[in-house]
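Colleague: Any chance you can model this:
(one chain, ligands or ions: 1)
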Amino acid sequence: MTNVKLAVIYYSSTGTNYQMAQWAEEAGKEAGAEVKLLRVAETAPMAAIEQNEGWKAHFEATKDIVPEAQLSDLEWADAIIFSVPTRFGAMPSQLKAFIDTTGGLWFQGKLANKAVSAMASASNAHGGHEATILSLYTTMMHWGAIIAAPGYTSDAIFAAGGNPYGTSVTQGQDGKMIENVEPAVKHQAKRTVAVAAALKNNL
Ligand SMILES: Cc1cc2nc3c(=O)[nH]c(=O)nc-3n(C[C@H](O)[C@H](O)[C@H](O)COP(=O)(O)O)c2cc1C
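Modeller: Here you go, the predicted structure:
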């Protein structure tokens, strides 16, 4: 058992990052953390969402069952795991819009010393997995967060494609994940909780 509070915050249009976030939630609980699974608000107009069957279906399926991330959740959390699809090699605007509301918390020093890590997905194996995670980590450095990158701390990372920045997956043409990333996601979540526990008791 640990006294760590973990927020798993994701954005997903077609379900990939929702699934990754759910695996992280499960592993966080297994590690003894109190866990909140949260989605950032959808900011795209309904007209755009409705033009894409998969996007519309995912939006409808999750909008009433997954709570929307609030600033109070960031303040509450000792550890945060983000999971996002790449958008032209960077984080999606939906997450950036949420992050851009954190200036007040940042100013009060309330975002410092949290253990954070990030996961990503892309349609192409070289379509921006690492760059997307790094775009988030740049912001995390401004928060004074402690980045708990997985590195190569488990064989599961090699099996998932070997991304040491954070677990990432390629979404195939059929919408399914190509690599088996579930063990790597779970390892990353447990490691983030362990880092947060160490920080919480010593910083
Ligand atoms: C506007 C837009 C930009 C995208 N840019 C990239 C990209 O640069 N590289 C890539 O491989 N995939 C790109 N994709 C594909 C998404 O990353 C992919 O659909 C996503 O990872 C699936 O995650 P989700 O199911 O959680 O929405 C883009 C998709 C959209 C809609």
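
Colleague: Quick check: Thr170 is in a strand.
Modeller: Yes: counting by DSSP: H, G, I helix; E, B strand; the rest coil, Thr170 is part of a strand.

Colleague: got the residues of the protein near the ligand?
Modeller: For the chain, the residues in contact with the ligand (Cβ under 6 Å from any ligand atom) are 12-17, 85-89, 121-124, 127-128, 171. (Glycine included, C-beta is placed from N, CA and C.)

Colleague: go again using 8 Å as the cut-off
Modeller: Residues of the chain lying close to the ligand by Cβ under 8 Å from any ligand atom are 10-20, 54-55, 58, 83-89, 92, 120-129, 169-171, 175.

Colleague: Which among those count as buried?
Modeller: If you count burial by 16 or more other Cβ atoms under 10 Å, the buried members of these come out as 10-20, 55, 58, 83-87, 92, 120-122, 127-129, 169-171.

Colleague: burial count for Asn52?
Modeller: 14 (other Cβ atoms under 10 Å).

Colleague: which residues does it contact?
Modeller: With contact set as Cβ atoms under 8 Å, 6 or more residues apart in numbering, Asn52 has these partners: Ser13, Thr14.

Colleague: and if we set it to 10 Å?
Modeller: Asn52 makes contact with Ser13, Thr14, Ala44, His58, Phe59, according to Cβ atoms under 10 Å, 6 or more residues apart in numbering.

Colleague: Any figure for the gap between the third one and Asn17?
Modeller: Going from Ala44 to Asn17 by Cβ to Cβ, to the nearest Å gives 15 Å.

Colleague: swap in the last one?
Modeller: According to Cβ to Cβ, Phe59 stands 13 Å off from Asn17.

Colleague: about what we covered before: of all the contacts of Asn52, which comes closest to Phe158?
Modeller: Thr14 (26.7 Å; Cβ to Cβ).

Colleague: Please verify my assumption that that closest one contacts Trp55.
Modeller: Yes: counting by Cβ atoms under 10 Å, Thr14 touches Trp55, with 6.0 Å between them.

Colleague: Using the three-state scheme, assign the residue of the chain found nearest the ligand.
Modeller: Nearest residue of the chain to the ligand: Gly127, at 2.0 Å (Cβ to the nearest ligand atom). At Gly127 the chain is in coil, as set by three-state DSSP.
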